[in-house]
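>>> please find the sequence and the predicted model below.
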Amino acid sequence: MYAAQLGLPNNSTSKELQHANIYIGMLVLIIGMFGSTVNIYNVFVLHRTKTYNNSYGYLCFARSYCNILNLLLFVVYVAPDTLFQLLPNEDDVGRILGLVGRAGHSSIPTLQLGIAFNRGIAIFLPLRYKELCTKHWALSFIEDIFFANVLVWESYLYNIVDSVLWQFISCTLMWELTHTIDGYEFHIVQWLTLVLQ
């Protein structure tokens with residue numbers, strides 16, 4: 001990790017960076033474990049409760065599974081890699097896990113829109129809810145979302161992987177610009193922030 005990314009001054013020693021990596025790795029590990037536990041508990045509750053055996057419950061299942069996938073990737077791969085730095089930044093394991101994680105991560109906002117649509121129908125058209133929001137509708141919505149996200153992310157990220165303009169940093173599961181006109185590296189998020197301003 002770079003000193004500027006961690007908010008440390010440019011003259012930071014490697015000891016300070018090691019301590020920062022330990023703190024960040026432990027924070028990622030704790031948050032990931034807590035989030036995974038909560039989402040696994042939610043899946044068991046949704047599965048065992050008959051009230052959620054409807055389209056709303058199926059959408060919540062799918063969202064929880066995506067959350068579990070992403071959080072477990074951070075617990076199993078990102079936190080240990082940040083703490084122990086066993087693999088180089090551009091390793092293929094992290095690249096593959098990043099592709100898998102992005103498909104789940106990009107499904108979450110669309111699933112949230114499906115849940116909002118489902119709840120909107122339940123509130124504003126309660127007499128037609130069972131007709132409009134069937135289990136079949138929810139399952140086909142979930143399957144279409146996963147299929148579309150896998151296609152989009154695999155196609156989009158496959159083109160980035162072989163590009164000389166992008167570099168995959170496995171400890172953050174992010175693609176970064178490898179060089180720009182002025183020779184500095186910019187994170188995708190920082191670059192998008194500058195573009196949007």
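Structure's in. What do you need?
>>> give me the phi and psi for Gln85.
According to degrees, to the nearest 10, the main-chain angles of Gln85 amount to phi 50, psi 60.
>>> quick one, longest helix in this protein?
Determined from DSSP state H, the single longest helix within the chain is helix 14-48.
>>> okay, buried residues for that helix please.
For helix 14-48, the neighbour count (16 or more other CB atoms under 10 Å) marks 20-21, 24-25, 28-29, 32, 35-36, 39-40, 42, 46 as buried. Every C-beta, even on glycine, is put in place using the N, C-alpha and C of the backbone.
>>> and for stretch 121-137?
Applying a neighbour-count criterion of 16+ other CB under 10 Å, the buried positions in stretch 121-137 are Ile121, Ala122, Tyr129, Cys133, Trp137.
>>> can you check stretch 142-154 too?
Neighbour counts using 16+ other CB under 10 Å place Ile142, Ile145, Phe146, Asn149, Val150, Trp153 of stretch 142-154 among the buried residues.
>>> low-confidence bits of this protein, can you list those?
In the predicted model of the chain, residues 1-13, 89-91, 152-197 satisfy pLDDT under 70.
>>> helices along that one, start to end?
Counting by DSSP H, residue ranges of the helices within the chain are 14-48, 55-73, 79-84, 92-124, 129-132, 135-161, 188-196.
>>> which strands and helices sit next to the first one?
Contacting helix 14-48 under the criterion 3 or more CB pairs under 8 Å, 6 or more residues apart in numbering; DSSP states H and E are the following elements: helix 55-73, helix 79-84.
>>> pull the number of nearby residues for Ser140.
Here the neighbour count serves as a burial measure; for Ser140 (other CB atoms under 10 Å) it reads 11.
>>> what sits up against stretch 35-43?
Cys60, Phe61, Ser64, Tyr65, Asn67, Ile68, Leu71, Leu72, Val75 (CB atoms under 8 Å, 6 or more residues apart in numbering).
>>> now the last one: how far from Ile24?
Computed as CB to CB, to the nearest Å, the Val75 to Ile24 distance reads 14 Å.
>>> with the fifth one instead?
The spacing between Asn67 and Ile24, counted by CB to CB, is 21 Å.
>>> ditto for the second one
Taking CB to CB as the measure, Phe61 and Ile24 are separated by 31 Å.
>>> what do you get for the third one?
Using CB to CB, we find Ser64 at a distance of 26 Å from Ile24.
>>> the closest residue in space to Leu69 that isn't next to it in sequence: neighbouring residues, count only.
For Leu69, ignoring the flanking residues on the chain, the nearest one in space by CB to CB, 6 or more residues apart in numbering is Gly104 at 4.2 Å. A count of nearby residues for Gly104, using other CB under 10 Å, gives 22.
>>> hmm, Gly104 is touching Asn70, no?
Yes: assessed by CB atoms under 8 Å, Gly104 is found in contact with Asn70 at 5.5 Å.
>>> list residues touching both of these two?
Common neighbours of Gly104 and Asn70 (CB under 8 Å, 6+ apart) do not exist.
>>> ok so, going back, now the longest helix of the chain against helix 55-73, angle please.
Taking axes from the mean of the first three to the mean of the last three CA atoms, to 10 degrees, one finds that helix 14-48 is oriented at 150 degrees with respect to helix 55-73.
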